[in-house]
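Visitor: My questions are about this predicted structure, shown below with the sequence.
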Amino acid sequence: MSCIVAIGAQWGDEGKAKMIDYFSKDTDIIVRYQGGANAGHTVVVDGVKHVFHLIPSGILHEGKVCVIGNGVVVDPEVLLEEIELLESKGMNLTGRLYISDAAHLILPLHKAFDEVMEEFRSNKIGTTKRGIGPAYSDKCLRIGLRVGDIFDNALLKEKLDFDIKLKNLYLEKVFARDPFPFEKIYAIIDRFRDKIRKMVINTPHYLHTALDAGKRILLEGAQGFALDIDHGTYPFVTSSNPTIGGALLGTGLNTFNIEKIFGITKAYITRVGEGPFPTEEKGEIGEMLRTRGGEFGATTGRPRRCGWFDLPLIRQARRINGITDMALTKLDVLSGLKTIKIAVAYRLDGKEIDYFPSAQLHRVEPLYENLPGWQEDIAECTEFNSLPKQAQNYVRYIERESGIKLSLISNGADRKNTFLVS
Ligand code: GDP
Ligand code: IMO
Ligand code: MG
């Protein structure tokens, strides 16, 4: 039992990467368990910003091992770019980055499909167009190409030939798009396999062996609870399980290995793309949160929709994930507000409810409690007691009403702006 999990407790972009980087110092191995390059994970160290899409956010800690688990869908072009960028900064990834042989690949065909599907569908999701939905669909259809497959050239060619023929048929006949030549896709994979050959392993075996040897493992989620394909606001979700089930499936670890589950939670809430969002603020407040919080997608650059903290959503995230601890991020962004609203319940069809009705979320009206804000800049605070009283009240209110122990507060983007709460 020396495995901790960090899960986004809202609609993604909670500041997971910053917290993963923080936890990494006390960990040996950091594992991404689902999603793909739709994720944009930002770590800031001494003012220098690093954004990761596939490589786990612990990679900046020397001597720590990072693993891309079987639940991840890997875009070879993005991963190569990330590896080469780190190498160009002088980092040696030998023995520091491993990739599951069972992770599925995202090919240009998947990205093209993602794009045309968004164009053709009437209820647009606002996907990141990184090919996520089509790649996970292929996995379920049992026609996906796995990392391990590409080292058997005959198998690779056979699978690729089938997949390209099938997708080109759709692209040309249904969507009137240009087909993809086999050579173009093969060339991408050819370059990729040369680079990663020594990084590919059986990750469940590796991780269980590491646990047996007393190593500590940190599991890194992408996206967040309310984007989960099963528990989120379907169809406005991603195509994987960012929740705890996904953490186990995407690594091969089991429930008995898990010691703590951190819910990474923003002190307000944001969402990118379409879908219901009860506490959204479309006016001045939303604009202020977006500007102060730098709420623009780390992957697509899209402005994030912003709103007030949502307790029914967090309570559901706690139940579904078994969250034991909360890391509350971006508290500094709320400085300067006279009043801070917080949704304590919803009204649905005239009745008050205190749970998260994911399928009827577009019909709920949030019921708010108003808490006094604080005016001071809190970025320099290094302990709970140095926060303004109103800020202390706000976080203790969240802790009490969510039922989750508050363990950490983040009050700035930089690694140093984090402190423990006792
Ligand atoms: P992730 O996807 O959950 O890893 O989060 P992102 O990296 O997409 O977005 C979080 C953004 O907020 C990034 O730009 C972080 O650098 C920044 N950030 C993280 N924690 C804090 C914080 O406590 N205060 C402020 N002001 N920014 C933060
Ligand atoms: P991180 O890991 C925020 C959203 C997209 C869209 C929906 C489906 O940085 O928190 P997809 O491309 O996955 O099919 O898009 O999910 N989305 C995210 N929103 N943070 C993310 O990742 C996201 N990854 C996907 O905006 O609404
Ligand atoms: Mg992000």
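Guide: Great, that's in hand. Predicted model only: the values in this text are computed from it and were never measured. Ligands and ions are numbered 1, 2, ... in the order given.
Visitor: Could you pull out the buried residues of stretch 21-29?
Guide: Within stretch 21-29, the residues that count as buried by 16 or more other CB atoms under 10 Å are D21, Y22, F23, S24, T27, D28, I29. To be clear about C-beta, it is placed using only N, CA and C from the backbone, and glycine gets the same treatment.
Visitor: Next step: the residues you listed restricted to strands.
Guide: The members of the buried residues of stretch 21-29 that map onto strands under DSSP state E are I29.
Visitor: Would you format the buried residues of stretch 21-29 as JSON lines with distance to V43 and pLDDT included?
Guide: Output for the buried residues of stretch 21-29, formatted as JSON lines (distance: CB to CB, whole Å; pLDDT from 0 to 100):
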{"residue": "D21", "distance to V43": "4", "pLDDT": "97"}
{"residue": "Y22", "distance to V43": "9", "pLDDT": "97"}
{"residue": "F23", "distance to V43": "12", "pLDDT": "97"}
{"residue": "S24", "distance to V43": "9", "pLDDT": "97"}
{"residue": "T27", "distance to V43": "14", "pLDDT": "97"}
{"residue": "D28", "distance to V43": "18", "pLDDT": "98"}
{"residue": "I29", "distance to V43": "17", "pLDDT": "98"}
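Visitor: now, among the buried residues of stretch 21-29, which is nearest to ligand 3?
Guide: Distances from ligand 3 to those, taken as CB to the ion, are shortest for D21 (13.3 Å).
Visitor: For ligand 2, see how far away that closest one is.
Guide: Counting by CB to the nearest ligand atom, to the nearest Å, the gap from D21 to ligand 2 is 14 Å.
Visitor: how about the helices in the stretch 301-422 of the chain?
Guide: Assigned by DSSP state H, counting those that start in this stretch, the stretch 301-422 of the chain shows helices spanning 311-321, 389-402.
Visitor: same deal with the chain?
Guide: Taking DSSP state H as the criterion, the chain contains helices spanning 16-24, 76-88, 108-120, 132-141, 153-169, 182-196, 203-212, 244-249, 284-293, 311-321, 389-402.
Visitor: Which of the ones you listed sits closest to ligand 1?
Guide: Set against ligand 1 and scored by CB to the nearest ligand atom, the helices of the chain come closest in helix 16-24, at 3.4 Å.
Visitor: Identify the residues contacting that closest one?
Guide: Applying CB atoms under 8 Å, 6 or more residues apart in numbering, the contact partners of helix 16-24 are 4, 6-8, 30, 41-45, 52, 56-58, 60-61, 64, 218, 220-222, 262, 264, 327, 329, 408, 410, 413, 415, 418.
Visitor: check the residues you listed against ligand 2, which are close?
Guide: G8, H41, A222 (CB under 6 Å from any ligand atom).
Visitor: any idea how far V45 lies from S410?
Guide: Applying CB to CB, to the nearest Å, the value for V45 to S410 is 14 Å.
Visitor: more neighbours, these two?
Guide: When V45 and S410 are compared for neighbours, S410 comes out ahead with 24 against 14, by other CB atoms under 10 Å.
Visitor: Would you mind measuring from the more buried one to ligand 1?
Guide: Applying CB to the nearest ligand atom to S410 and ligand 1 gives a distance of 3 Å.
Visitor: Skipping adjacent residues, who's closest to the spatially most central residue of the chain in space?
Guide: By CA atoms, centre = their mean, the mean C-alpha position of the chain lies nearest to A222, the distance being 1.9 Å. Excluding the flanking residues, the one nearest A222 by CB to CB, 6 or more residues apart in numbering is G35, at 3.3 Å.
Visitor: What of F309?
Guide: Of all residues not flanking F309 in the chain, I342 sits nearest, at 4.8 Å (CB to CB, 6+ apart).
Visitor: and the closest residue to P388 other than its chain neighbours, what is it in contact with?
Guide: Setting aside the residues directly before and after it, P388 is nearest to W374 in space (CB to CB, 6+ apart), at 3.9 Å. Neighbouring residues of W374 by CB under 8 Å, 6+ apart: L334, S335, P388, K389, Q390, A391.
Visitor: What subset of those is buried?
Guide: For the contacts of W374, buried by 16+ other CB under 10 Å: L334, S335, P388, Q390, A391.
Visitor: quick one: which of those residues is nearest to P242?
Guide: L334 (24.8 Å; CB to CB).
Visitor: how near is the closest one to ligand 3?
Guide: Here the criterion is CB to the ion, to the nearest Å. By it, L334 lies 19 Å from ligand 3.
Visitor: That residue is in contact with G373, isn't it?
Guide: Yes. Contact criterion CB atoms under 8 Å: L334 and G373 qualify, at 6.7 Å.
Visitor: Overlap in contacts, these two.
Guide: I340, Y394.
Visitor: Name the nearest residue to the residue in the stretch 151-300 of the chain that ligand 1 sits nearest to, sequence neighbours excluded.
Guide: Going by CB to the nearest ligand atom, ligand 1 is nearest to A298 of the stretch 151-300 of the chain, at 4.0 Å. Leaving aside its sequence neighbours, A298 sits nearest to G40 (CB to CB, 6+ apart; 2.7 Å).
Visitor: swap in E274?
Guide: G126 (4.3 Å).
Visitor: what's the one you found in contact with, if anything?
Guide: E118, F236, V272, G273, E274, G275, R302.
Visitor: Deepest in the core, which of the helices of the chain is it.
Guide: helix 16-24 (a mean of 24; mean count of other CB atoms under 10 Å).
Visitor: and that one with ligand 3, contact?
Guide: No. With CB under 5 Å from the ion as the criterion, ligand 3 is not reached by helix 16-24; the gap is at least 7.1 Å.
Visitor: how near is the residue in the stretch 151-300 of the chain that ligand 2 sits nearest to to L166?
Guide: Of all residues in the stretch 151-300 of the chain, G273 sits closest to ligand 2, at 2.2 Å by CB to the nearest ligand atom. According to CB to CB, G273 and L166 sit 28 Å apart.
Visitor: now A154
Guide: On the measure of CB to CB, A154 and L166 end up 19 Å apart.
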